[in-house]
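Generate coordinates for the sequence data below:
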Amino acid sequence: ILNDEKPLLVNDMGNCDLSIHLPPGNPPLRRFLGLPILSSRRMVGLVGLANRSQEYSSSLVDQLDPFLNTCGQMLEVFRTQRLRRMAELAFERLSKRNDLILNAAGEGIFGTDIHGKITFANPAAAKLLGCSVAELIGCDIHPMAHHHLRGGSQLLEEHCAACATLRDGRIHHGRDECFWNLHGEPFPVDYVTTPVLEEDVLAGMVAVFWDIAERKKILEALRQANLDLETRVEKRTHELSQANQMLRKEIADRIYAEEELALRARILDKMIDAIFVHDKDGKLLYVNESAFRMRGFTREKLLEKRFAELERQDGEVSFGERQLELCQRGEIIYESSHVTASESFLPVEVHASLVPTRGKSLVISVVRDITERRKAGQVLREFESFNQEVISNAGEGIMVLGGEEKVVLWNQMMTRFFGFHAHEAMGRWVGDLWPRWRECGLETLCRKARDGDKVVSPDLPWHDSASKLGRWLEVSFSPNCNESGRVV
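Numbers count the residues shown, from 1 in each chain. Next comes the predicted model:
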């Protein structure tokens, strides 16, 4: 029965050549009728009848056919509901995990749809932009936060690098650019925008950004401190050569300068980011406490190395090439991997600045551990991929309607029902895709759902475009609300 998916009728088991194995204590079989249970021409179970006083006949099989069809439909409904619940539970677990990661991230993270409207954001993004997460949802990111340059001149959206991902579907990096909060105050940021694809179709982007004002202040303070120190030392040296009587004062000034340097060194040792000072050849002159502790060295052992020895050397850009770019630009930012004492690799972001001092130039590199940032990005990508897989392979037709009842999501089962592929359906009014949308009363039900009600249509006759058979459809409308409870 399992192999042939056909009824098996035996009225004389003694003359049957089938091999039968019964459990101990089971009465012997004299007659047997086995019937497959089918649903949509697929076997989902079987029923076995045995030892009837009268012989089994094909007419009995025909009489039981409606009952078996009903059993098949019930089994299929049970299976579908069980799979749907499993998918909902998995989706809920991943959603909670994603929320925890987003809420814990120190960088601002938000996602947009293809039109640039924010669909989700974490608390860090809301804090940097001067509002709540609920206020961010639905806002257009460019006119809200990236509308002008730092100097005050207007930035058109077609020239906006932050929105370029929505135009070309590529990853874009922004270095030392300007965002504006809702109070009209600018702040410097670095950011990365990554495209979100749905079935190879660009559907939006995810942006990660962070305020670099404090980092810029520290680097400027270091640069100014070096310039100030150079000026003071030259002045004192000149005074010493002119007048021996100034010796005591010069010594006092030098002691003061050394104490000031020691104080600055202690301040740098308290920083979370690693600080490296080296010459153009990479010889290390100074490292702060975070630099050697994060990599598992002592300060003395780390100062014996060159900066190039700390960077992983299998990248596309060599240390020499980066130093040449630094000499040309004066400041560079790049991502790399640093080798630790245990020979493992630490993903980092390096902000290197060229600082002139006493006739030669030194390099100050602020190095940040970006392990958690990369983990957050990987989780987001895995979450998006899982969502797409669950929705695409669902056993029911699923579509999501945005403003003006235009399609923003269309899975494979909807393609089977209506003959339109996802890329053909996206952005179109649903009535252009669904025949007799208004006549069937679906437009009215859809509007009730937009008012916040969950509604289900009566059974609707339907002609399946794939199997060419007449079928019945039930359509369920559920509102999708944002954090503020507004139906989107």
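
Summarise which helices and strands the strand or helix carrying Glu389 is packed against.
Assigning secondary structure by DSSP states H and E places Glu389 in helix 371-392. Using 3 or more C-beta pairs under 8 Å, 6 or more residues apart in numbering; DSSP states H and E as the contact criterion, the neighbours of helix 371-392 among helices and strands are helix 58-104, strand 186-198, strand 201-211, strand 345-357. All C-beta spots, glycine's among them, are computed from the backbone N, C-alpha and C.

Report the buried residues of the second one.
So that's strand 186-198. Using 16 or more other C-beta atoms under 10 Å as the test for burial, strand 186-198 gives Pro186, Phe187, Pro188, Val189, Asp190, Tyr191, Val192, Thr193, Thr194, Pro195, Val196, Glu198.

Just checking: what are the partner strands of it?
Taking DSSP bridges as the criterion, strand 186-198 forms sheet pairs with strand 172-180 (antiparallel), strand 201-211 (antiparallel).

I'd like the next helix or strand past the last one.
Think strand 201-211. helix 213-242.

which strands and helices sit next to that following helix?
Contacts defined by 3+ C-beta pairs under 8 Å, 6+ apart place helix 213-242 against strand 186-198, helix 247-269, strand 345-357, strand 360-369.

quick check: angle from it to strand 345-357?
Angle of helix 213-242 versus strand 345-357, following axes from the mean of the first three to the mean of the last three C-alpha atoms, to 10 degrees, is 40 degrees.

Same question for helix 213-242: list its buried residues.
By 16+ other C-beta under 10 Å, the buried positions in helix 213-242 come out as Arg215, Ile218, Leu219, Leu222, Arg223, Asn226, Leu229, Arg236, Leu240.

Repeat that for stretch 36-49.
Buried residues in stretch 36-49, counting neighbours by 16+ other C-beta under 10 Å, are found at Pro36, Ile37, Leu38, Ser39, Met43, Val44, Leu46.

Please report how far the third one lies from Ile1.
If I follow you right, that is Leu38. Using C-beta to C-beta, to the nearest Å, we find Leu38 at a distance of 11 Å from Ile1.

thought Gly395 was touching Arg416?
No. Under the criterion of C-beta atoms under 8 Å, Gly395 makes no contact with Arg416, lying 10.8 Å away.

so what's the backbone phi/psi at the spatially most distant residue from the centre of the chain?
Here the chain reaches farthest from its C-alpha mean at Gln245, the gap being 68.6 Å by C-alpha atoms, centre = their mean. Main-chain torsions, Gln245, degrees, to the nearest 10: phi -70, psi -10.

Tell me the spacing between it and Pro347.
Separation of Gln245 from Pro347 (C-beta to C-beta): 57 Å.

Met205: what's its closest spatial neighbour, skipping adjacent residues?
The shortest distance from Met205 to any residue other than its chain neighbours is 4.4 Å, reached at Thr165 (C-beta to C-beta, 6 or more residues apart in numbering).

same question, Pro461
Leaving out its chain neighbours, the residue that sits closest to Pro461 by C-beta to C-beta, 6+ apart is Trp472, at 6.2 Å.

how much space between the one you found and Ala449?
The value you get for Trp472 to Ala449, if C-beta to C-beta is used, is 21 Å.

More neighbours: those two, which one.
For Trp472 against Ala449, the residue with the higher neighbour count under other C-beta atoms under 10 Å is Ala449, and the figures read 17 against 9.

Can you classify that one as helix, strand or coil?
helix (DSSP: H, G, I helix; E, B strand; the rest coil).
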